[in-house]
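>>> Pasting the sequence and the predicted model now:
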Amino acid sequence: MIEGLIKLLAFQVAGEAIVFLLAVPIPGAVVGMALLFLYLVVRGREDPGLDTFTTAFLRHLSLLFVPAAVGIVAHLDRIADEWAAIAVALLASTITAIAATAATLRWLKR
């Protein structure tokens, strides 16, 4: 299980390093995830270490939402003041994500 965690952290650090060195305006986590994807594609099969860690990690993924919920409760007054802008941003980002997913799926199905 430690092997899987080390691999995930290594890809995260590699992504952060690439973003820092090249001054790319993309989050390092996204670059690290792309590197992990390329690793898995090149490998052509499952990585047992990653599989073990991610299976165990996903069982407890709901715990990561606790800090977000606490942050929402802590800033309820600000959310009440800016609810319209938040709603527009959520709606626009959801529509954009759905459209991008549909376009990607259509492109990949060709």
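Perfect, thanks for sending it.
>>> hmm, who's touching stretch 99-110?
The contact list for stretch 99-110 (Cβ atoms under 8 Å, 6 or more residues apart in numbering) is empty. C-betas here are computed from N, CA, C, even on glycine.
>>> could you give the mean pLDDT of it?
Averaged over stretch 99-110, pLDDT sits at 95.
>>> and if you look at stretch 23-36?
In the prediction, stretch 23-36 has an average pLDDT of 93.
>>> Just give me how far it sits from the chain centre.
Using Cα atoms, centre = their mean, to the nearest Å, the mean C-alpha position of stretch 23-36 is found 10 Å from that of the whole chain.
>>> Of all the residues in it, which ones are buried?
Across stretch 23-36, burial judged by 16 or more other Cβ atoms under 10 Å covers 28, 31, 32, 35, 36.
>>> give the contact list for the residue nearest to residue 12 when sequence neighbours are not counted.
Closest residue to residue 12 apart from its sequence neighbours, by Cβ to Cβ, 6 or more residues apart in numbering: residue 32 at 4.4 Å. Contacts for residue 32 (Cβ under 8 Å, 6+ apart) come out as 11, 12, 13, 14, 15, 16.
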